[in-house]
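**Student:** here's my sequence, what's the structure:
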Amino acid sequence: MVPRRCGPLSATGFRGMRFQLSGNFAAEIKATGQRHWLGTFVSKEEATRMYDVAAWWLGRPRSNMNFTDIESLVEAEMVAP
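**Tutor:** This is a model prediction of the structure:
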C-alpha cells in the first residue's frame with residue numbers, strides 16, 4: 001500500500017500527523033472547528049492509519065485520506081493499531 005503524500009508544506013508528508021520532540025508521532029483530526037486528539041504512536045504509519053480511521057468515522061472522502069487504497073471503515077479499523 002502506497003500512502004498518499006500531502007503538499008510540500010507538511011513536515012511529515014502525511015495528513016493529521018506531526019512529529020514530537022520525544023521521537024513519537026502525534027495523530028489528530030479537525031472536525032466542526034475543533035481539533036480531536038487521536039493519540040501518540042511510535043511509527044508514522046500507525047499515526048496515519050489512526051487518522052484514516054477517524055476520517056472514515058467522520059465521513060470524509062477517500063481522497064482526503066493518507067491510504068486511498070483502503071475502501072471501507074471496517075478495512076481501515078483492521079489495519080489500524
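
**Student:** what stretches of the chain score poorly on pLDDT?
**Tutor:** 1-10 (pLDDT under 70).

**Student:** please enumerate the strands of it.
**Tutor:** In the chain, the strands defined using DSSP state E lie at 17-19, 25-31, 34-41.

**Student:** tell me the contacts of residue 57?
**Tutor:** By Cβ atoms under 8 Å, 6 or more residues apart in numbering, the residues touching residue 57 are residue 73. For glycine as for every other residue, the C-beta is placed from the backbone atoms N, C-alpha and C.

**Student:** longest helix of the protein?
**Tutor:** Looking across the chain with DSSP state H, the single longest helix is helix 44-57.

**Student:** I'd like the strands of the chain as CSV, with distance to residue 78 and mean neighbour count appended.
**Tutor:** Listed next are those as CSV, based on distance: least, Cβ to Cβ, whole Å; neighbours: other Cβ atoms under 10 Å:
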stretch, distance to residue 78, mean neighbour count
strand 17-19, 20, 17
strand 25-31, 17, 18
strand 34-41, 17, 13
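
**Student:** looking at those, which is nearest to residue 67?
**Tutor:** strand 17-19 (12.3 Å; Cβ to Cβ).

**Student:** what is the closest one packed up against?
**Tutor:** strand 25-31, helix 44-57 (3 or more Cβ pairs under 8 Å, 6 or more residues apart in numbering; DSSP states H and E).

**Student:** residue 79 is nearest to which of the ones you listed?
**Tutor:** Judged by Cβ to Cβ, the one of those that comes nearest to residue 79 is helix 44-57, at 5.8 Å.

**Student:** of all the residues in that closest one, which ones are buried?
**Tutor:** Within helix 44-57, the residues that count as buried by 16 or more other Cβ atoms under 10 Å are 44-56.
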